[in-house]
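Enquirer: Give me coordinates for this.
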Amino acid sequence: MQEHHNPGETSKLFYISLMKKLLSTLLIICHTSFCLAQIDSLKQCLLNANGKEKLKILNKLTALDTTENFRNYHRQATALAKEINDDTSEVRALRAMGNHYLNSGQTDSAYLYFTKALIVARKYKLPSEIIVCLNKSADAQEEAGHFDKALQLYTEALYESKKINKKKEIAVAYENLGIFHLYQRNDSTALKCFNEQLKLLEQLNDSSTMYICLNNIGSIYLIRGEYSNCIQYYLQSIGIEKRLKKDDAVAQSHVNIGIVYKTQGNLDMALESLLEAVRYFDKQKPSTDRAKCYTAIGNILIALDSTKRALLYHYKSLEINEKINYKKGIAKSYTNIAETYMKLAQYDSALIYITYSIKLKETLKDKASLAYSFDILGENYFHQKDYAQAQNYYLQSMKLQQEVEDPNGKATTLNKLGALYFEWGKYDLALKNLEEAREIELQIGAKQLLLNNYRITRNALKENKDFLNALYFSDKYIELNEDMLNEQKNNMITNLQLKYDTEKKEQEIKLLTEKDKSHAAIVSQQYTLITSLIAGAFLLIIILLISLKAYRTSEKSNKQKQVMMKELHHRVTNNLQVLSSLLNLQQNRLEDVATKDAIKEVQHRLKAMLLIHRDLYSGSADAYVDMKIYIEKLVDNLLSSFGYSKSKMKINLVTDHILLEADKALNVGFICNEVVNNSFKHAFSKTDQPELTITLQKQGTEYLLFAIADNGKGMQIEKDIEKTNSFGLRLINMFIKDLKGSLNIASNENGSRFEFIIPTNNLNT
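Expert: Presented below is the predicted three-dimensional model:
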């Protein structure tokens with residue numbers, strides 16, 4: 001239901017917002033007061049301090065004090081260091097000045113004092129101080145954007161560390177170099193540096209630094225797209241962080257894992273990781289990381305169609321951002337809340353929050369983000385069919401996109417304009433904007449935007465009666481969609497591999513203490529997986545049958561039918577291939593024979609479906625299957641699966657070229673699969689020359705005879721069926737019932753014969 005606000009409610013919202021801002025301001029004042037109190041406390045300590053203790057206090061005051069007094073503290077520290085003849089403190093006094101300027105963003109002045117400190121450290125031959133001064137000088141140069149000079153200084157610090165052969169200093173030097181290269185996107189060099197650091201930290205048994213190094217390595221593997229390695233290092237990091245009771249670090253590592261899963265499209269696992277992060281964040285003070293975590297959860301919940309729950313997390317993010325007075329975060333939260341209300345079709349509420357967002361972003365002068373908000377505002381009016389207002393805000397967004405030179409943002413807005421003009425009936429304008437967007441999308445490789453562009457372009461061309469070009473963009477849409485689905489399939493398989501490896505490690509630990517119980521749990525888990533996969537496979541069958549029946553009743557043109565059916569069969573084929581890959585992955589890692597056999601049977605059933613859909617996808621829109629060719633392919637597949645060859649197994653195929661509609665052909669294929677599968681498994685154990693005969697022939701004009709016979713050892717029908725789990729027989733009965741046919745089973749010492757009589761009047765309805 002759409003939410004409405006009266007003026008009184010709006011005033012109340014404004015009042016609450018104002019009070020929150022006042023509270024945030026008070027928090028900042030309190031924080032500033034705390035720093036001033038710290039300086040006052042140091043000043044009090046200074047009155048009673050002497051010697052080196054007094055030097056430490058003076059250096060702290062030099063770095064902290066934001067008034068002109070810092071110079072006075074520095075002069076006192078330098079004089080005292082010379083007076084007590086303390087060379088190290090003289091260096092540190094100069095470093096304190098450098099820190100003061102670096103903290104205030106004056107990088108040139110900071111570098112000047114770090115260089116002075118370095119000269120003094122070299123003069124007095126203080127190796128540890130030389131290393132620190134080199135690293136601080138490098139920090140100042142990097143901050144100023146002088147990257148070549150920064151790299152030179154970081155490298156020199158590593159060289160000096162190796163000269164004194166102190167592992168801790170060498171580890172720090174490698175960390176600084178690694179972080180520098182990571183920010184410069186030199187991931188291979190960064191990885192080498194972090195791996196060297198990790199070796200040293202393991203030798204030092206320095207857990208307090210090791211978890212940071214592991215996180216850095218994980219981040220590099222994330223950039224590379226090597227998700228398995230990435231997860232491995234993040235999990236190692238979490239183990240150390242928990243031992244050290246560093247809840248904030250544990251939370252951030254779980255966020256990192258959530259990012260990996262989200263990148264792969266595994267939203268359920270991403271949500272699980274982020275919710276675990278929240279559990280640790282909630283123990284900490286409000287922070288931007290905590291707010292971002294809530295935002296990420298909200299976005300994932302929207303993708304999972306849990307929109308009302310998503311709204312709750314976006315409000316939580318807003319609350320945190322307001323507490324810490326993070327204005328960019330507040331503006332982003334307003335935008336997220338507005339988008340969520342739009343998902344709920346509560347456009348009045350969305351309008352309030354997107355207006356808040358725009359006003360705040362205008363004060364921040366964040367043009368790129370402001371353009372996005374105008375897009376959302378345009379979309380709001382678009383959904384309400386106020387096309388003139390929507391156009392106005394989209395064009396305002398376009399103007400800002402051109403100023404900030406954001407190609408992705410520009411392509412997004414052009415796509416939105418294309419969709420708007422299409423719905424408005426202005427097809428030429430729609431095509432013009434879509435063409436401009438397409439040029440950008442192809443250049444930057446924005447696949448999702450391009451996919452949407454192809455879809456709208458196809459529809460606009462159809463409305464313009466340009467069917468030839470419409471068909472071209474339909475093909476482009478299908479081709480790109482196939483590539484993206486294949487990427488998703490590979491990600492799904494990788495996710496399963498990650499999940500399996502993690503579970504396997506946990507199971508191995510349990511096996512050491514409770515072997516039998518653990519084994520039972522593993523087998524149970526495997527059967528649960530099989531059941532789920534079987535259910536998924538049959539769900540696909542149901543979807544297919546419904547789609548085919550809907551297709552037969554449609555009144556669209558021949559070309560439109562071809563495009564529609566080609567895309568339908570492609571989607572089903574792709575999903576079946578994903579299921580088959582998942583089954584292969586699981587089967588290869590199993591040891592339990594019964595479980596492996598069960599998975600093998602499911603694979604055979606999937607193959608029966610795949611054979612049909614591959615032919616239909618590559619063929620015409622007529623959903624008919626040549627049963628002679630289909631049964632030949634099906635039996636060949638079963639032969640190779642059970643390790644038979646045509647030289648060792650005699651196959652007699654007595655089949656006519658009978659054309660059946662795809663849904664009926666699939667029923668016959670499943671029946672064939674179950675009976676032949678049973679023969680290969682049980683019939684030929686004592687047969688030297690195995691033989692299988694499959695017959696599919698018309699019996700006059702009213703019936704089809706479908707029979708499968710073997711020359712195996714035969715079966716005691718009632719007894720054998722009763723003692724087996726008979727899932728295959730239940731499937732056979734289900735499919736022959738759908739064909740409105742009958743089944744007769746005969747068996748003796750010369751073999752078994754399954755005979756099906758199928759009425760032809762049911763095969764074309």
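
Enquirer: Tell me the helices and strands packed up against the host helix or strand of residue 122.
Expert: Using DSSP states H and E, residue 122 sits in helix 107-123. Judged by 3 or more Cβ pairs under 8 Å, 6 or more residues apart in numbering; DSSP states H and E, the packing partners of helix 107-123 are helix 87-103, helix 127-143. C-beta coordinates here come from the backbone N, C-alpha and C atoms, glycine included.

Enquirer: May I see the buried residues of it?
Expert: 107, 109-118, 120-121 (16 or more other Cβ atoms under 10 Å).

Enquirer: what's next to it, contact-wise?
Expert: 87, 90-92, 94-95, 97-102, 129-130, 133-134, 136-137, 140-141, 143-144 (Cβ atoms under 8 Å, 6 or more residues apart in numbering).

Enquirer: if we can go back for a sec, lowest average confidence across the helices and strands packed on helix 107-123, which one?
Expert: Mean pLDDT is lowest for helix 87-103 among the helices and strands packed on helix 107-123, at a mean of 82.

Enquirer: Just the residues contacting it, thanks.
Expert: Residues contacting helix 87-103 (Cβ under 8 Å, 6+ apart): 52, 55, 58-60, 62-63, 65, 70, 74, 77-78, 80-82, 107, 109-114, 116-117, 120-121, 124, 126, 129, 132-133, 136, 139-140, 143.

Enquirer: Alpha carbons of it, as CSV, please.
Expert: Taking Å, rounded to 0.1, in the frame of the first residue of the first chain, the C-alpha atoms of helix 87-103 are listed here in CSV:
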residue,chain,number,x,y,z
ASP,A,87,70.6,12.0,20.1
THR,A,88,67.5,9.8,19.7
SER,A,89,65.2,12.4,21.3
GLU,A,90,66.6,15.1,19.0
VAL,A,91,65.5,13.0,16.0
ARG,A,92,62.1,12.3,17.5
ALA,A,93,61.6,16.0,18.2
LEU,A,94,62.0,16.7,14.5
ARG,A,95,59.7,13.8,13.7
ALA,A,96,57.1,15.2,16.0
MET,A,97,57.1,18.4,13.9
GLY,A,98,56.8,16.3,10.7
ASN,A,99,53.8,14.4,12.2
HIS,A,100,52.1,17.7,13.1
TYR,A,101,52.3,19.0,9.5
LEU,A,102,51.4,15.6,8.1
ASN,A,103,48.2,15.4,10.3
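
Enquirer: What residues of that helix count as buried?
Expert: Neighbour-count burial for helix 87-103 [16+ other Cβ under 10 Å]: 87-102.

Enquirer: between it and helix 107-123, how many degrees?
Expert: 170 degrees (axes from the mean of the first three to the mean of the last three Cα atoms, to 10 degrees).

Enquirer: Quick one: distance of helix 87-103 to the chain centre.
Expert: 45 Å (Cα atoms, centre = their mean, to the nearest Å).

Enquirer: Residue 185: how many residues sit nearby?
Expert: Using other Cβ atoms under 10 Å, residue 185 has 8 neighbouring residues.

Enquirer: OK, contacts around it?
Expert: Residue 185 touches residue 223, counting by Cβ under 8 Å, 6+ apart.

Enquirer: what about it, which helix or strand?
Expert: With DSSP H and E as the test, residue 185 turns up in no helix or strand.

Enquirer: Just the local confidence number for it, please.
Expert: pLDDT, read off for residue 185, is 81.

Enquirer: if I look at it, how far off is residue 179?
Expert: Residue 185 sits 12 Å away from residue 179, going by Cβ to Cβ, to the nearest Å.

Enquirer: so what sits against both of the two?
Expert: What both residue 185 and residue 179 touch, as defined by Cβ under 8 Å, 6+ apart, is an empty set.

Enquirer: which residue sits closest to residue 136 in space, ignoring its chain neighbours?
Expert: residue 114 (4.6 Å; Cβ to Cβ, 6 or more residues apart in numbering).

Enquirer: what does residue 412 give?
Expert: Nearest one to residue 412, counting by Cβ to Cβ, 6+ apart, is residue 449 at 6.3 Å.

Enquirer: where do the strands sit along the chain?
Expert: 624-626, 650-655, 659-661, 691-699, 703-710, 742-748, 751-759 (DSSP state E).

Enquirer: Make JSON lines from those strands and add mean neighbour count and distance to residue 242 to it.
Expert: Listed next are the strands of the chain as JSON lines, based on neighbours: other Cβ atoms under 10 Å; distance: least, Cβ to Cβ, whole Å:
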{"stretch": "strand 624-626", "mean neighbour count": "19", "distance to residue 242": "57"}
{"stretch": "strand 650-655", "mean neighbour count": "14", "distance to residue 242": "61"}
{"stretch": "strand 659-661", "mean neighbour count": "18", "distance to residue 242": "59"}
{"stretch": "strand 691-699", "mean neighbour count": "17", "distance to residue 242": "60"}
{"stretch": "strand 703-710", "mean neighbour count": "21", "distance to residue 242": "59"}
{"stretch": "strand 742-748", "mean neighbour count": "14", "distance to residue 242": "60"}
{"stretch": "strand 751-759", "mean neighbour count": "20", "distance to residue 242": "60"}
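
Enquirer: Can you add distance to residue 307 and mean pLDDT and give those strands back as CSV?
Expert: CSV is the format used below for these (distance: least, Cβ to Cβ, whole Å; pLDDT from 0 to 100):
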stretch, distance to residue 307, mean pLDDT
strand 624-626, 42, 78
strand 650-655, 53, 88
strand 659-661, 40, 84
strand 691-699, 51, 90
strand 703-710, 50, 91
strand 742-748, 49, 86
strand 751-759, 48, 90
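
Enquirer: In CSV, list those along with distance to residue 331.
Expert: CSV is the format used below for the strands of the chain (distance: least, Cβ to Cβ, whole Å):
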stretch, distance to residue 331
strand 624-626, 58
strand 650-655, 69
strand 659-661, 57
strand 691-699, 68
strand 703-710, 68
strand 742-748, 69
strand 751-759, 67
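
Enquirer: who wins for proximity to residue 356 among those?
Expert: Among the strands of the chain, the nearest to residue 356 by Cβ to Cβ is strand 659-661 (57.3 Å).

Enquirer: still on that earlier bit, make a markdown table out of the helices and strands packed on helix 107-123 and add distance to residue 396.
Expert: Listed next are these as a markdown table, based on distance: least, Cβ to Cβ, whole Å:
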| stretch | distance to residue 396 |
| --- | --- |
| helix 87-103 | 39 |
| helix 127-143 | 36 |
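
Enquirer: Looking at these, which is nearest to residue 269?
Expert: helix 127-143 (35.9 Å).

Enquirer: And the closest one, what's buried?
Expert: Buried residues in helix 127-143 (16+ other Cβ under 10 Å): 128-142.

Enquirer: Done for today, thanks.
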